[in-house]
Structure formats: structure tokens, C-alpha cells
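[1] What follows is a predicted structure for the sequence shown.
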Amino acid sequence: METTNTVLDFMKSRRSIRKFKPDMISKEAIDQIISAGTYAATGMNKQSPIIIAVTNKEVRDRLSKLNAEIMGTTGDPFYGAPVVLIVLADKNRPTRVYDGSLVMGNLMLAAHALGIGSCWIHRAKEEFERPEGKALLESLGIEGEYEGIGHCVLGYADGEYPKASERKGNWAYYID
């Protein structure tokens, strides 16, 4: 007997969006997405990640340019998304990458549940090793050593919502 489970349905239907409308997302929606991120599992519940919400277009564009430079391109690696949630984690935590990755997953699922598109953009590690990234943290009064885990770009999808790819056959193995 199959039952409906909204969480499982959202997990199966969420896709990365790579073309966004310029329309800004409401502060309320951003806050809901961030809140979901703060409930991600973390090693020993140490809650090592932090989230920086960037809605300021000038700062967003500077980050995009820096990210593109690291990637070796001149395009917008944020695909036109108006919001960037940056996830960083305390470098002193051995589980920082895992902790931050779980936060990223929660952010993307929460966005999808609210009808907002998302995509995980890499190179946050390199961005926050550079003087520009360190200066951004300092300007926000963030102290300590943080490693960039990822950018969760958010916005409304511009175009068709992507369909799921066929799942590979050898994904899971059982030991009974």
C-alpha cells in the first residue's frame, strides 16, 4: 500500500534550476528557508555552519564575479538568481563539510517546498580563502575561521521545471 508523504515527494521532485527570473523573493520566504537550514543535522549537534543571506544586488554581483573568476569564466555562475545563501562552517569542526552539506540540502528542499527554485553553486571554499571573502566576513562582524561550503542560489524558475533523470540501476545494495 502506497501512502503520500510530502517530504519524500519533494525530495524526489526537487531539481537544480539554472535560469532565474530577476524577481526578488520575499523576506518571509527567505527566513523560512534559512530556518529550515538551521535544523539540519550536524556532528554532535555542534551546529558549526553559518548562513549569510545576500539580497543586495551589488554584493551579489561582486560575489558572482569573484566566483566566475575562480571558475575561469566571465558569465554569471549564479544563473541570474537574485538571492544567494552562503553556507560556511567552522574550520575547527572535523564534520564541517558534512554539516554544511546537510544545511545546503535543507535549504534546497525548503525552497522547493515554497515554490522557489534553487541550485548549489560551488567555489565558496576558494572565495572565502581570498581577501575579498575574508573582508566580507569581517564586515559582518563574523569572527573565527570558516570554510565556504557552498552557495544556495534562490529565485523563481524562468522556464520549464526540469524533469528527473532516470535513476541508475546500481544505486543501492542490501545486506540481509
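    Nice, thanks for sending it over.
[2] Closest to the geometric centre of this structure, which residue is that? Let me know.
    residue 152 (2.2 Å; C-alpha atoms, centre = their mean).
[3] show me where this protein has strands.
    For the chain, the strands defined by DSSP state E occupy 49-54, 83-90, 117-121, 146-155.
[4] Out of the ones you listed, which one sits most buried?
    strand 146-155 (a mean of 26; mean count of other C-beta atoms under 10 Å). Yep, even glycine has a C-beta here, placed from its N, CA and C like the rest.
[5] Partner strands of that one, with direction?
    strand 83-90 (antiparallel), strand 117-121 (antiparallel) (DSSP bridges).
[6] could you dump the strands of the chain to a markdown table with distance to residue 171?
    Formatted as a markdown table, these follow (distance: least, C-beta to C-beta, whole Å):
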| stretch | distance to residue 171 |
| --- | --- |
| strand 49-54 | 27 |
| strand 83-90 | 26 |
| strand 117-121 | 20 |
| strand 146-155 | 23 |
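[7] wait, doesn't the residue nearest to the centre of the chain sit right on residue 78?
    No. With contact defined as C-beta atoms under 8 Å, residue 152 does not reach residue 78; the gap is 10.3 Å.
[8] what's the overlap in contacts for these two?
    84, 121 (C-beta atoms under 8 Å, 6 or more residues apart in numbering).
[9] related to what we said a few turns ago, among the strands paired with strand 146-155, which is nearest residue 18?
    strand 117-121 (6.1 Å; C-beta to C-beta).
[10] if we can go back for a sec, nearest to residue 67, of the strands paired with strand 146-155?
    Between residue 67 and the strands paired with strand 146-155, the shortest gap by C-beta to C-beta is with strand 117-121, which sits at 6.8 Å.
[11] hmm, back to that, can you redo the strands paired with strand 146-155 as TSV with mean pLDDT and distance to residue 71?
    Converted to TSV, the strands paired with strand 146-155 look like this (pLDDT from 0 to 100; distance: least, C-beta to C-beta, whole Å):
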stretch	mean pLDDT	distance to residue 71
strand 83-90	98	15
strand 117-121	98	9
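[12] Ok, which of those strands comes nearest residue 28?
    strand 83-90 (12.8 Å).
[13] Distance from the closest one to the middle of the chain?
    Here strand 83-90 is found 7 Å from its chain centre; the criterion is C-alpha atoms, centre = their mean, to the nearest Å.
[14] before we move on, back to that, can I get the strands paired with strand 146-155 in TSV with distance to residue 159?
    Listed next are the strands paired with strand 146-155 as TSV, based on distance: least, C-beta to C-beta, whole Å:
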stretch	distance to residue 159
strand 83-90	18
strand 117-121	10
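[15] Done for today, thanks.
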